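1. Sequence first, predicted coordinates after that:
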Protein chains: 2
Amino acid sequence: MSSASSVIPRRWTGILDRYRAWLPVTDKTPSLTLCEGNTPLIPAHQLSDRVGTQVFFKYEGANPTGSFKDRGMVLAVAKAKEEGSRAVICASTGNTSASAAAYAARAGMEAVILIPDGYVALGKLAQAMMYGAKIIAVRGNFDAALQLVREVADEAGLTIVNSINPYRLQGQQTAAFEICDALGRAPDHLCIPVGNAGNISAYWMGFCAYAEKGVVPNRPRMHGFEAAGAAALVKGEPIEHPETFATAIRIGKPASAELALNAARSSGGGIYAVTDDEIREAYRLIAREGVFAEPASAASVAGLLSLHRQGVIRSGETVVCVLTGNGLKDPDNAVAVSQTQPMVVDCDRRAVAAALGVGR
Amino acid sequence: MSSASSVIPRRWTGILDRYRAWLPVTDKTPSLTLCEGNTPLIPAHQLSDRVGTQVFFKYEGANPTGSFKDRGMVLAVAKAKEEGSRAVICASTGNTSASAAAYAARAGMEAVILIPDGYVALGKLAQAMMYGAKIIAVRGNFDAALQLVREVADEAGLTIVNSINPYRLQGQQTAAFEICDALGRAPDHLCIPVGNAGNISAYWMGFCAYAEKGVVPNRPRMHGFEAAGAAALVKGEPIEHPETFATAIRIGKPASAELALNAARSSGGGIYAVTDDEIREAYRLIAREGVFAEPASAASVAGLLSLHRQGVIRSGETVVCVLTGNGLKDPDNAVAVSQTQPMVVDCDRRAVAAALGVGR
């Protein structure tokens, strides 16, 4: 076999490799990767025109399991393996379970997922099932499932990879690094959905780390958006029964509340609420740019439009809206929200032409 | 605002920009992009061990709409816009419709999708609906829908973006370019699913273009895999009623038959059939590597295992298996194929511990 010395291999090998110096990765950490990260920063032309400045989407739906969770999970699972754990465990009905199952499979470990019995459609578990996770449905609610995870993990020799695992946020910082690497600086504003409040905290850690080391000269103002029916941080108290169609941020007791509030405060940003109607409208606007995100992702764009109305965003500034997950995670909501439905016509040239408005 | 001159912006801007010199892109071609391409080349560790050589997945499910179709569609839609067309049209029940609708939305054009009425679940159309395509269900079968597309396109001033559009294959070449750029050479073998036979033809065009210009010193052997129930090329005749659970390659009359046969022949490869059982087993194996692909994608891995049994793959060689689409496109098959199903237990520490095999 010959080799082509004139071409430099430039294969993307994942975030643990690319951002090794910024993460708690040692020589003993397994080189775990599904080539996560390296997600596109997509210019949002129509939105940019509308708000009079440069808007980008950071599209995290392009990650291996379709959400931003992969950035934290690759590190959490790699460290679990490094520490000799035989399996990981989490309570999750969605993106976290998919990501945990994928990286456990990749690492040759077992994944155990606890879900509340009867509340999760099988389709939502398709990924975890396909990756070979052991799924246990407990006769109780989500909080009870999470409590059981905490109780059995030690005894069973399992590493918890719910958000209480500190490596999760550290891995999630890498999305901020990528934005800075792509733009050559930090944006002026970051708009991001807030559910458990971990992701906004992780981005802020990442932007601060880059700024402190002089990689970029600036830090963004951090704007986090909760769904109005699950706005624990905005209201300053836990929400017992959170409600929103954006299921990925339907969380009433955000685990990283203090970190998130601090990120908003120290950056000159804020935490705000957006209504389901605003989220739904933003979900459609994103699709009209050619991008299909899951409903929760649209909270960032709903928030941007709200900030624009309030005059917070100035002309000439750069805004990045984080789109946290792939729209394919939730096809049912897409069908429900779409304003176009198929029209049925006869199998005939004139019928189709008429439907297109060109018939005679 | 300050700028960081020490950091070189390295934002990926899509295939028309990155591979401009290799594509029919002129100064008049719109800069259309959803940042397609740049998809990961993921080492397949378990498969590599099994076949005794280095195996990679080219994971096309990471594209904006979740399939390889985006590479050809971005070029087809950009050229349609350049040529003054007001809208695009195609007959499709799956990946092509999603891609056409996304790029039309992005380009500010209309997309018209013709489908056979009653044969397509709404969930499969979630993407096209969300992107705002006009969907027309005709009372007839798929072939009739495609025939109507041909008949009405001219009269209605619409550009056809089904595979008869020549730009589609030209855009799809870029996946071959990316593989070469990542490895520094072409692989020794490329394994790829074959449905309409366009993609294998496009990859071959791409590998040949790079080799002819001396970018890489070699060309791969091209191995294409049809589903046994839809193996028109293997059997040498059209299949009237193609059958396979891998819907994306359930095609009985491949449009690019001659090009595909030529690619296989001139590269020292071949076109082969793999059974649904082999595809199903490969679909599971891919997931055990941590990667979730749609069923049709697994034909490439089923084929690799078959070639390995026949001694075609030699130790030390590099193999790339193309995974054409995202597993999230087809959650129902994932649930059906999974060997693990949730087990239901009481909401109790001992019950969960017992389920985990650590109870007393």
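-> Structure's in. What do you need?
2. drop to CA atoms for contacts and neighbour counts, all remaining ones
-> OK.
3. Around chain B, which positions in the stretch 101-250 of chain A sit nearby?
-> Residues of the stretch 101-250 of chain A lying close to chain B (CA under 8 Å from any CA of the partner chain) are A:101-106, A:117, A:122-123, A:125-127, A:129-140, A:144-145, A:148, A:151-152, A:155-156, A:181-185, A:215-218.
4. Of these, grab the buried ones for PyMOL.
-> Buried residues within these, by 16 or more other CA atoms under 10 Å in any protein chain shown, are selected in PyMOL with:
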select buried, chain A and resi 101+102+103+104+105+106+117+122+123+125+126+127+129+130+131+132+133+134+135+136+137+138+139+140+144+145+148+151+152+156+181+182+183+184+185+215+216+217+218
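5. so of the residues of the stretch 101-250 of chain A next to chain B, which ones are in helices?
-> A:101-106, A:126-127, A:129-130, A:144-145, A:148, A:151-152, A:155-156, A:181-183 (DSSP state H).
6. The residue most central in space within chain A: what's it in contact with?
-> Nearest residue to the geometric centre of chain A (CA atoms, centre = their mean): A:T324, 2.7 Å. A:T324 makes contacts with A:59-61, A:67-68, A:193, A:293-294, A:296-297, as judged by CA atoms under 8 Å, 6 or more residues apart in numbering or on different chains.
7. Help me confirm that A:P24 is found in a helix?
-> No. Per DSSP: H, G, I helix; E, B strand; the rest coil, A:P24 lies outside any helix segment and is coil.
8. what about it, distance to chain B?
-> Per CA to the nearest CA, to the nearest Å, A:P24 is found 23 Å from chain B.
9. quick one: that residue and A:E82, what's the gap?
-> Going from A:P24 to A:E82 by CA to CA, to the nearest Å gives 12 Å.
10. now swap in A:S92 and tell me
-> A:S92 is 24 Å from A:E82, by CA to CA.
11. Of these two, which one has the most company?
-> A side-by-side neighbour count of A:S92 and A:E82, using other CA atoms under 10 Å in any protein chain shown, places A:S92 first with 20 against 15.
12. My guess is that one contacts A:L114. True?
-> Yes. Using CA atoms under 8 Å, A:S92 makes contact with A:L114 at a distance of 6.5 Å.
13. so where's chain A uncertain?
-> A:1-9, A:359-360 (pLDDT under 70).
14. Tell me how far A:A257 lies from A:D70.
-> According to CA to CA, A:A257 stands 21 Å off from A:D70.
15. quick one, which of the two is more surrounded?
-> The residue with more neighbours, out of A:A257 and A:D70, is A:D70; 30 against 19, by other CA under 10 Å.
16. check which helix or strand covers the more buried one.
-> Per DSSP states H and E, A:D70 falls inside helix A:69-82.
17. Put the alpha carbons of that helix into CSV.
-> Output in CSV follows, covering the C-alpha atoms of helix A:69-82 (Å, rounded to 0.1, in the frame of the first residue of the first chain):
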residue,chain,number,x,y,z
LYS,A,69,-26.1,15.1,26.0
ASP,A,70,-23.4,13.2,24.1
ARG,A,71,-20.7,15.8,25.0
GLY,A,72,-21.1,15.2,28.7
MET,A,73,-21.9,11.5,28.5
VAL,A,74,-18.7,10.6,26.6
LEU,A,75,-16.7,12.0,29.5
ALA,A,76,-18.9,10.5,32.2
VAL,A,77,-18.7,7.0,30.7
ALA,A,78,-15.0,7.2,29.9
LYS,A,79,-14.3,8.2,33.6
ALA,A,80,-16.6,5.4,34.8
LYS,A,81,-14.6,2.9,32.8
GLU,A,82,-11.3,4.4,33.9
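18. Show me what the helix or strand that comes right after that helix packs onto, helices and strands only.
-> Next along the chain after helix A:69-82, taking DSSP H and E as the criterion, comes strand A:87-91. Helices and strands touching strand A:87-91, as assessed by 3 or more CA pairs under 8 Å, 6 or more residues apart in numbering or on different chains; DSSP states H and E, comprise helix A:69-82, helix A:95-107, strand A:110-116, helix A:142-156, strand A:158-160.
19. Just want the angle from strand A:87-91 to helix A:142-156.
-> Regarding strand A:87-91 and helix A:142-156, their directions subtend 160 degrees when assessed with axes from the mean of the first three to the mean of the last three CA atoms, to 10 degrees.
20. Mind listing what's buried along strand A:87-91?
-> Applying 16+ other CA under 10 Å to strand A:87-91 flags A:87-91 as buried.
21. State the paired neighbours of it in the sheet, together with their directions.
-> Paired strands of strand A:87-91, with direction, are strand A:110-116 (parallel), strand A:158-160 (parallel) (DSSP bridges).
22. Measure how the longest one sits relative to helix A:69-82, angle-wise.
-> Meaning strand A:110-116. 130 degrees.
23. Do I have it right that A:A128 meets A:S97?
-> Yes. If you go by CA under 8 Å, A:A128 and A:S97 touch, sitting 6.1 Å apart.
24. Which one's more surrounded, the two?
-> Taking neighbours as other CA under 10 Å, A:A128 and A:S97 compare with A:A128 leading, 33 against 30.
25. Give the full set of residues in contact with the more buried one.
-> Neighbours of A:A128 in contact, by CA under 8 Å, 6+ apart: A:97-102.
26. From B:A293, how far out is it?
-> 13 Å.
27. Alpha carbons of stretch A:307-319, in CSV - could you do that?
-> The C-alpha coordinates for stretch A:307-319 follow below in CSV (Å, rounded to 0.1, in the frame of the first residue of the first chain):
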residue,chain,number,x,y,z
LEU,A,307,-35.0,40.0,23.7
HIS,A,308,-35.2,41.7,20.3
ARG,A,309,-38.6,43.2,21.0
GLN,A,310,-37.1,44.5,24.3
GLY,A,311,-34.2,46.1,22.5
VAL,A,312,-31.6,44.0,24.2
ILE,A,313,-30.0,42.8,20.9
ARG,A,314,-28.2,45.6,19.0
SER,A,315,-27.4,45.8,15.3
GLY,A,316,-24.0,44.4,14.4
GLU,A,317,-23.9,42.0,17.3
THR,A,318,-23.4,38.2,16.9
VAL,A,319,-26.0,35.9,18.5
